[in-house]
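Colleague: Build me a model:
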Amino acid sequence: MTYLWSVFTKPWAGLPGDELGRLIAGLGFAGAEVPVRDTAYVTTATAEAELPTFTKQLRDEGIEPISVASDLTEPVFAACAAAGVPMIRIMAPLGDDGYAASVRRNRAQLEASVVLAERYDVQVGVQPHHGRFVSSTLGVMQLLDGLPERFRLVWDAAHDALAGDDPAITIELGAARLGIVNLKNAKYLDNGKTQFGQADEGLSDWSAVHAALVRAEYSGPACLTAQYSDVTVSVEDRVRKDLQTAVTSWRRDPSRE
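Modeller: This is a model prediction of the structure:
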């Protein structure tokens, strides 16, 4: 299988596009998800003016933008269309009014964004996330049910494992909407908190993820999210090691073993 090896650039969110592109190309990546947030180099307020230049700078360094992590406002859709960015990634937050009411609210927001997604030809990717969000792949699939095909699942190895799910099941059931595969790993600590670590330091078995993706015939972005709880080792060293682990082990086709 062929993957576009990508990285979420949140750890370097303040860098301009040319400097960011050189950095992540040097780490071995060919794609990037870019945060478009108030804390990033490109903000929601400046996205229309700055994202096209920012992404051109990335492409000049050999980096293809796969998505932005942002919100579903028209300026962000317009910026993505102008910059040739195919997807806006979001999560589905839960409020104090409970799960069912939160799902209805998130669904209403997604339905309201259909006209923008179609007008600008930009996909919307929804990622499950542990904690105060719709946390399971199946919950996201229920949220997306009946929406146009450009509303996609961003499957996440760490959060799938934290939800106690099996990638062989969730990737199969989400295959028709699979837009991006996020790679990170995490585990629960004795105090109930979560710790994000290297590829082999958590509940997710990346080899099992790869096997499920092969069965699903997925060929698209595999995005390492560069999220690590231990900050005593540089993010660059950690994500470079994880990329090497993934690329080396995922060259094998488990269906032929």
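
Colleague: ok, the spatially closest residue to Gly14 that is not a sequence neighbour - how many residues close by?
Modeller: Taking CB to CB, 6 or more residues apart in numbering as the measure, Gly14 lies nearest to Tyr41, with 5.6 Å between them; neighbours along the chain are not counted. From N, CA and C alone the C-beta is placed, and that goes for glycine too. As a burial measure, Tyr41 scores 20 neighbours (other CB atoms under 10 Å).

Colleague: Just confirm Tyr41 is within a helix.
Modeller: No - counting by DSSP: H, G, I helix; E, B strand; the rest coil, Tyr41 is located in no helix; its state is coil.

Colleague: mind listing what it touches?
Modeller: Applying CB atoms under 8 Å, 6 or more residues apart in numbering to Tyr41 gives the contacts 13-17, 20, 50, 54.

Colleague: pLDDT score for it?
Modeller: The score at Tyr41 is 98. That number is its pLDDT.

Colleague: What residues are recorded as beta-bridge partners of the residue positioned nearest the centre of the chain?
Modeller: Nearest to the mean C-alpha position of the chain, counting by CA atoms, centre = their mean, stands Asn182 at 4.9 Å. Counting by DSSP bridges, Asn182 forms beta bridges with Asp156, Cys223.

Colleague: For it, give me its contacts.
Modeller: Taking CB under 8 Å, 6+ apart as the definition of contact, the neighbours of Asn182 are 8, 127, 154-159, 223-225.

Colleague: Go again with 10 Å.
Modeller: Asn182 makes contacts with 6, 8, 33, 89, 125, 127-128, 154-160, 221-225, 227, as judged by CB atoms under 10 Å, 6 or more residues apart in numbering.

Colleague: now it: how far from Arg105?
Modeller: Asn182 sits 24 Å away from Arg105, going by CB to CB, to the nearest Å.

Colleague: for Ser234, same thing?
Modeller: Ser234 sits 39 Å away from Arg105, taking CB to CB as the criterion.

Colleague: now swap in Gly26 and tell me
Modeller: Between Gly26 and Arg105 the distance is 42 Å, computed by CB to CB.

Colleague: What average pLDDT does the longest helix along the chain get?
Modeller: Counting residues, the longest helix in the chain under DSSP state H turns out to be helix 99-120. When the per-residue pLDDT values of helix 99-120 are averaged, the result is 98.

Colleague: now stretch 23-30
Modeller: Here the mean pLDDT over stretch 23-30 is 98, rounded to a whole number.

Colleague: List the buried residues of that stretch.
Modeller: 23-24, 27, 29-30 (16 or more other CB atoms under 10 Å).

Colleague: Let me know whether Glu61 touches Gly31 as I believe.
Modeller: No - with contact taken as CB atoms under 10 Å, Glu61 and Gly31 are classed as non-touching, separated by 11.7 Å.

Colleague: Looking at these two now, which is surrounded by more residues?
Modeller: The neighbour count for Glu61 versus Gly31, taken as other CB under 10 Å, is higher for Gly31 (22 against 17).

Colleague: neighbours of the closest residue to that one other than its chain neighbours, just the number please.
Modeller: Nearest-residue entry for Gly31: Ser6, 3.2 Å, with adjacent residues in sequence omitted and distances by CB to CB, 6+ apart. Using other CB under 10 Å, Ser6 is surrounded by 28 other residues.

Colleague: how far away is Ser6 from Ala69?
Modeller: Taking CB to CB as the measure, Ser6 and Ala69 are separated by 12 Å.

Colleague: chain center to the helix or strand harbouring Asp242, what's the gap?
Modeller: Under the assignment given by DSSP states H and E, the secondary-structure element containing Asp242 is helix 235-250. Counting by CA atoms, centre = their mean, to the nearest Å, helix 235-250 is centred 17 Å from the centre of its parent chain.
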